[in-house]
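Enquirer: Predicted model and sequence below, questions to follow.
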Amino acid sequence: MIKKCLNFLNLRQAFMLVFACFVCNFAKAQQNAWIRINQLGYTPASKKVAVWGGKSIRQLRSFEIKNAKTGKTVYVHPVGKDYGAYGPFIQSFRFDFSAVQDTGRFFVQADDVKSATFRIARDVYQGAADFVLRYMRQQRTLFNPFLQDSCHTHDGFTLYAGKVGIQDSSYIDAGGGWHDASDYLQYATTSANATFHLLAAYRDFPRVFSDWKLANGLDGKNGRADVLDEAKWGLDWLLKMHPKANEMYNQIGDDRDHASMRMPKEDPYYGRGFERPVYFIDGAPQQRGKYRNNTTGTSSTAGKFSSAFRLGATLFAKEDRKYARLLSKKSASAYAYANIKPGVTQTVSVKSPYIYAEDNWVDDMQLAAAMGFSATKKKKFAQEGLQYARQEKVTPWMITDTAAHYQWYPFINLGHYELAKGLKGQDREEIVSYYKQGIEEVNRRAELNAFYRGVPFIWCSNNLTVSFAIQCLWYKELTGDAQFDELAQANFDWLFGTNPWGTSMVYGLPSWGDTPVDPHSAFTFLGKHPIDGGLVDGPIMASTYRNLIGIKLNNPDRYAEFQSDLAVYHDDYGDYSTNEPTMDGTASLIYLLASKEGKAMEEPIGKK
């Protein structure tokens, strides 16, 4: 009898186990489709599109927008075109609900699949640019306000400056600026570009930014917007990197920096105590160790210096005339330096082949000329700007699907926008047409998939995405042509969750959303500090990822079911290729978020 009871219990347990597995597998089978939305939300008048992605074919007829509080349906619409396979999905749709302009909290539902809750409100982007600015402050070197301590105070010793009579290993005061990408290298090319974006964000959208910090980054008000304080931090360092008319430096440190992950401090990796090497720009290839770069001239970095100095001089003209005059003088000398030997300046690597392999420079000279024209109104600058513009009409990554690391940098031709604003007639139309050509190239690829993804998955794809969204914004501002509004919004949405992984690519934004939590950053990995606002590199081609050196995931991949042969993204400290924050990409994002908030202020208030 007892044996029979035990057998019965065993059978019952086996049945329950089988039933539990059936329920579990049924639940998994049910969750084979997802609806992706912008977790930050939408303004009442903006384009609003959610993307459905499924791993099985469903016969969808319509989707609904429902009030998250009441559950009431506020909008119903047919699903429209099936875009088919993309990444991990075999079926995909775009759900356009731009007609919904009521404010409140909502979710999208189609069949039994629901999106995350999102807001529609005029203030959805309020404070976002200032939030992202936190990352820039955290990356300061010399005095770091986040840590309330100083680092890299001994920089540095010169290399390759013999052409101007400076012996190698001579001391130069190069302290300041920002760490580059959550490691501690410092590149003039990315820093100058970041400084320009911060200055332009304040120039174009001053009402967006607050004054909560002192110039040193600590709490307090100093009568100046925090973004302008941060831009000045960048300018002050660039001035040190261009101390004399015949002297300019391109980087501090090299990949020996990667000897270990640590909190920022004094680094003994370069054979000179705590001093780090400062590489002079001589216009010739440079080699340390086994790797030699392909430098051809002095123009790319020096052109960026000139542009940042010129815009800084304009913005500081009223508040600090002496500083503005210095910046104006340095802008002119940097422009002259750029013309010493037309060509590109690449960074230096010692132990690994990874460098910023910038191959274009005429875009940097065009921007420098455009800023000179804007400040002086001298036709010489306008003519030179036009000549440079005609040599690179479209930023090359837009017409190719592969590129070396930072090969086409910056990822947007800023000179087209700055030059076109000062031109009239046919010259203006010509420059604007170059923006349109680039947008159309990306749009041709984007229209083939439900995410409207036309930006290639090269290293730092999120930086390209931000830049492209800005280009769409500037094209519309210059022309009034709204035909690319949906494409521009799709690129913005991608950054905040409308992507196959359903995650924001910005640490901590929004605070309630799915955002990076385990980035490749010593601040979080070792110090357990949040890196608020940091924009991570973003998805990369799966084929590229498989061939990178030294990547090993530390934890189970929480996005495993959304990886594909097209692209991968990991929220894992071990993946430096997709999850490392970058300072320059974050600075570009500050401009984009400022533009979104600034334009939202002009929208009519939606119905409640």
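Expert: Good, I have the coordinates.
Enquirer: Could you tell me the end-to-end distance of stretch 171-185?
Expert: 18 Å (Cα to Cα, to the nearest Å).
Enquirer: what's the answer for stretch 490-506, then?
Expert: Stretch 490-506: ends 16 Å apart by Cα to Cα.
Enquirer: Now find how far off-centre that stretch is within its chain.
Expert: 12 Å (Cα atoms, centre = their mean, to the nearest Å).
Enquirer: correct me, but Met248 touches Met241?
Expert: Yes: if you go by Cβ atoms under 8 Å, Met248 and Met241 touch, sitting 6.6 Å apart. No exception for glycine: its C-beta is placed from N, CA and C like everyone else's.
Enquirer: Could you verify my assumption that Pro500 touches Glu561?
Expert: No: with contacts counted by Cβ under 8 Å, Pro500 stays clear of Glu561, the gap being 9.7 Å.
Enquirer: returning to that earlier point: and for Met248 and Met241, which residues touch both?
Expert: Taking Cβ atoms under 8 Å, 6 or more residues apart in numbering as the contact rule, Met248 and Met241 both touch 188, 305.
Enquirer: Of Pro500 and Glu561, give the one with the bigger neighbour count.
Expert: Applying other Cβ atoms under 10 Å to Pro500 and Glu561 shows that Pro500 carries more neighbours, namely 27 against 15.
Enquirer: quick revisit: joint contacts of Pro500 and Glu561?
Expert: Looking at what touches both Pro500 and Glu561 (by Cβ under 8 Å, 6+ apart), the common residues are Pro88.
Enquirer: Run a quick neighbour tally on Pro353.
Expert: Pro353: 11 neighbours (other Cβ under 10 Å).
Enquirer: swap that for Gly271, please
Expert: Residues near Gly271, counting by other Cβ under 10 Å: 10.
Enquirer: Checking my notes, it in a helix, right?
Expert: No: Gly271 is assigned coil when assessed by DSSP: H, G, I helix; E, B strand; the rest coil, not a helix.
Enquirer: what's near enough to touch it?
Expert: Neighbours of Gly271 in contact, by Cβ under 8 Å, 6+ apart: none.
Enquirer: Quick check: it vs Pro277, distance?
Expert: Counting by Cβ to Cβ, to the nearest Å, the separation of Gly271 from Pro277 is 9 Å.
Enquirer: Report pLDDT for Tyr187.
Expert: Listed pLDDT for Tyr187 reads 97.
Enquirer: Hmm, it is touching Gln251, no?
Expert: Yes: using Cβ under 8 Å, Tyr187 is in contact with Gln251, at 4.9 Å.
Enquirer: More neighbours: which of the two?
Expert: Neighbour comparison, Tyr187 and Gln251: the larger count goes to Gln251, with 30 against 26 (by other Cβ under 10 Å).
Enquirer: which SSE is the more buried one in?
Expert: strand 249-252 (DSSP states H and E).
Enquirer: can you list contacts of that strand?
Expert: With Cβ under 8 Å, 6+ apart, strand 249-252 has contacts from 152, 155-156, 158, 172, 174, 177, 185-189, 241-242, 276-281, 301, 345, 347-348.
Enquirer: again, only this time at 7 Å
Expert: Residues outside strand 249-252 that contact it (Cβ atoms under 7 Å, 6 or more residues apart in numbering) are 155-156, 174, 185-188, 241, 276, 278-281, 301, 345, 347-348.
Enquirer: among those residues, which are in helices?
Expert: 188, 241, 301 (DSSP state H).
Enquirer: For stretch 65-77, output the C-alpha coordinates as CSV.
Expert: Coordinates of each C-alpha in stretch 65-77 appear next as CSV, following Å, rounded to 0.1, in the frame of the first residue of the first chain:
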residue,chain,number,x,y,z
ILE,A,65,-2.8,53.3,-27.7
LYS,A,66,-4.2,52.9,-24.2
ASN,A,67,-4.2,55.3,-21.2
ALA,A,68,-1.9,53.7,-18.7
LYS,A,69,-4.0,54.9,-15.7
THR,A,70,-7.5,54.0,-16.9
GLY,A,71,-6.8,51.3,-19.5
LYS,A,72,-9.1,53.1,-21.9
THR,A,73,-8.3,52.9,-25.6
VAL,A,74,-7.6,56.4,-27.0
TYR,A,75,-6.5,55.4,-30.5
VAL,A,76,-6.8,52.5,-32.9
HIS,A,77,-5.1,52.1,-36.2
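Enquirer: so how far is that stretch off the chain centroid?
Expert: Relative to its chain's centre, stretch 65-77 lies at 34 Å (Cα atoms, centre = their mean).
Enquirer: Please apply the same query to stretch 587-605.
Expert: Counting by Cα atoms, centre = their mean, stretch 587-605 comes out at 16 Å from the chain centroid.
Enquirer: CA atoms of it as CSV?
Expert: Extracted in CSV, the C-alpha atoms of stretch 587-605 (Å, rounded to 0.1, in the frame of the first residue of the first chain):
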residue,chain,number,x,y,z
ALA,A,587,28.9,66.1,-25.9
SER,A,588,27.2,65.6,-29.2
LEU,A,589,24.2,64.2,-27.4
ILE,A,590,24.0,67.2,-25.2
TYR,A,591,23.5,69.3,-28.3
LEU,A,592,20.8,67.0,-29.6
LEU,A,593,18.9,66.9,-26.3
ALA,A,594,19.2,70.7,-26.0
SER,A,595,17.6,71.0,-29.4
LYS,A,596,14.8,68.7,-28.5
GLU,A,597,14.1,70.5,-25.3
GLY,A,598,14.4,73.9,-26.9
LYS,A,599,12.0,73.1,-29.7
ALA,A,600,9.6,71.4,-27.2
MET,A,601,9.3,74.8,-25.4
GLU,A,602,7.9,76.2,-28.6
GLU,A,603,5.2,73.6,-29.1
PRO,A,604,1.6,74.3,-28.1
ILE,A,605,0.6,72.6,-24.9
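Enquirer: Flag every buried residue along that stretch.
Expert: 587-600 (16 or more other Cβ atoms under 10 Å).
Enquirer: for the record, mean pLDDT for it?
Expert: So the average pLDDT for stretch 587-605 ends up being 91.
Enquirer: ok, now stretch 117-136?
Expert: On average, stretch 117-136 scores 97.
Enquirer: Can you give me the first-to-last residue distance of it?
Expert: Stretch 117-136 end-to-end distance (Cα to Cα) = 30 Å.
Enquirer: Show me where the chain dips below the pLDDT cut-off.
Expert: The model of the chain has pLDDT under 70 over residues 1-30, 605-608.
Enquirer: so the residue lying closest to Asp481 once chain neighbours are set aside, which of the three states?
Expert: Spatial nearest neighbour of Asp481, chain neighbours left out: Tyr475 (6.9 Å); criterion: Cβ to Cβ, 6 or more residues apart in numbering. Using three-state DSSP, the structure places Tyr475 in helix.
Enquirer: neighbours around Tyr475, how many?
Expert: 25.
Enquirer: ok, now Arg105?
Expert: Neighbours of Arg105 (other Cβ under 10 Å): 14.
Enquirer: for the one helix or strand it maps to, which positions count as buried?
Expert: Taking DSSP H and E as the definition, Arg105 sits inside strand 104-110. For strand 104-110, the neighbour count (16+ other Cβ under 10 Å) marks 104, 106-110 as buried.
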